[in-house]
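1. fold the following and give me the result.
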Amino acid sequence: MPNNDSKMIEHLRRTFPHIHFEESDDFYWSPSKQIVYYGSLTSDEDAAILLHETAHALLGHSTFSSDVALLKHENDAWQHAKLELAPLFGILLEENLIQDHLDSYRDWLHARSICPRCSETGLQTKTSTYQCINCQCSWMVNDARRCQLRRYVLR
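-> Numbering: from 1, shown residues only. As a prediction, this is how the structure comes out:
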């Protein structure tokens with residue numbers, strides 16, 4: 001972890017002047033605003049997450065059309081942060097930390113795919129729509145990356 005958070009932010013701003021960094025309550029990349037938002041940098045994990053969000057910006061990640069595409073974006077951003085960005089800051093990104101963060105996405109994506117009628121795993125048919133292969137139920141899910149997951153039965 002850098003000696004203080006402002007040094008890391010200034011280093012990022014100098015290294016990547018085309019990316020805008022803005023303080024926030026949370027860490028995330030906003031492709032629509034082209035801003036990396038960052039929270040308090042009080043731990044090595046916070047620094048790792050900031051590099052991960054910066055990697056999203058550098059890789060040009062914006063929208064995704066499927067759960068698999070989202071997971072690929074997340075994995076690609078973690079790998080870029082680990083292999084390309086972390087060495088610039090003298091930070092070691094542990095594989096366990098990366099896998100813990102990827103697991104949170106895997107768990108979220110699995111929860112989205114659970115049929116609200118029979119609790120079997122369904123298949124994604126569109127960006128936010130799923131179909132159960134067991135009972136033929138169709139449902140839609142909300143984005144829920146920053147709020148509680150909701151599933152709405154369509155038929």
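2. residue 39: how many residues sit nearby?
-> The tally of other residues near residue 39 (other CB atoms under 10 Å) stands at 15. The way it works is simple: take the backbone N, C-alpha and C, and place the C-beta from them, glycine included.
3. I figured it hits residue 27, correct?
-> Yes - here residue 39 reaches residue 27: they are 5.4 Å apart, a contact under CB atoms under 8 Å.
4. would you mind listing the residues touching both of these two?
-> Common contacts of residue 39 and residue 27 (CB atoms under 8 Å, 6 or more residues apart in numbering): residue 46.
5. now do residue 38 against residue 8, distance only.
-> For residue 38, the distance to residue 8 equals 9 Å [CB to CB, to the nearest Å].
6. just want to know which of the two has more residues nearby.
-> Between residue 38 and residue 8, residue 38 has the larger neighbour count (other CB under 10 Å), namely 24 against 21.
7. and the pLDDT at that one?
-> Residue 38 carries a pLDDT value of 97.
8. try residue 115
-> With respect to pLDDT, residue 115 scores 97.
9. where does this structure have low pLDDT?
-> For the chain, applying pLDDT under 70 flags the ranges 1-4, 144-147.
10. out of everything not next to it in sequence, what's closest to the residue nearest the centre of it?
-> Centroid-nearest residue in the chain: residue 74, 5.3 Å away (criterion: CA atoms, centre = their mean). Once flanking residues are discounted, residue 74 sits nearest to residue 105: 5.3 Å by CB to CB, 6 or more residues apart in numbering.
11. next, count neighbours for the residue nearest to residue 118 when sequence neighbours are not counted.
-> Computed as CB to CB, 6+ apart, the closest residue to residue 118 that is not its neighbour in sequence is residue 135, at 4.5 Å. For residue 135, the neighbour count with other CB under 10 Å is 12.
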